[in-house]
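**Q** What would the 3D arrangement of this be:
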Amino acid sequence: MPANSERSVVLAKHLHARPAGQVAQAAARYPDTTIELLAGERSANARSILAVMGLGAVAGSEVRIRAAGGEADGAAATVVAILTAEE
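**A** Residues are numbered from 1 along each chain as shown. Model prediction:
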């Protein structure tokens, strides 16, 4: 049975091209794990830079990270670290 992990963060900065790219690169390191970001009514596959940017998440927004698969905890922790990192 695959592991699941769900976490929430409040963005300290806008989710623009650089962090979206970092999220997509991190998600690619977990090929057996599905990672989804949710902001408001929108959701995005974490492997797609354009989808992540399309969330329109700005500083102060809550973003949920859902991961499912063998490395769900590690994948979710990596994405949380990117989204909460200072520039």
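
**Q** packing partners for the helix or strand bottoming out on mean pLDDT in the chain?
**A** When each helix and strand of the chain is scored by mean pLDDT, DSSP states H and E, strand 3-10 comes last, with a mean of 92. Identification of packing neighbours for strand 3-10 by 3 or more C-beta pairs under 8 Å, 6 or more residues apart in numbering; DSSP states H and E yields strand 62-69, helix 72-84. (Each C-beta comes from the backbone N, C-alpha and C, glycine too.)

**Q** secondary structure element for residue 21?
**A** Element membership for residue 21, per DSSP states H and E: helix 17-28.

**Q** Going toward the C-terminus from that helix, what's the next helix or strand?
**A** strand 33-39.

**Q** Looking at that next one now, give me its mean pLDDT.
**A** Average pLDDT, strand 33-39: 97.

**Q** That one versus helix 17-28: what angle between them?
**A** Strand 33-39 and helix 17-28 meet at an angle of 150 degrees, taking axes from the mean of the first three to the mean of the last three C-alpha atoms, to 10 degrees as the criterion.

**Q** Paired strands for strand 33-39, with orientation please.
**A** With DSSP bridges as the test, strand 33-39 is paired with strand 42-45 (antiparallel), strand 62-69 (antiparallel).

**Q** what does the first one contact?
**A** With contacts defined as C-beta atoms under 8 Å, 6 or more residues apart in numbering, strand 42-45 is touched by 27, 34, 35, 36, 37, 38, 51, 52, 54, 55, 56.

**Q** I'd say the fifth one and residue 23 touch.
**A** Right, residue 37. Yes - using C-beta atoms under 8 Å, residue 37 is in contact with residue 23, at 7.3 Å.

**Q** Name the residues contacting each of the two.
**A** 46, 52, 79.

**Q** Confirm that the second one sits in a helix.
**A** Yes - assessed by DSSP: H, G, I helix; E, B strand; the rest coil, residue 52 belongs to a helix.

**Q** Spatially nearest residue to it, not counting backbone neighbours?
**A** residue 20 (4.0 Å; C-beta to C-beta, 6 or more residues apart in numbering).
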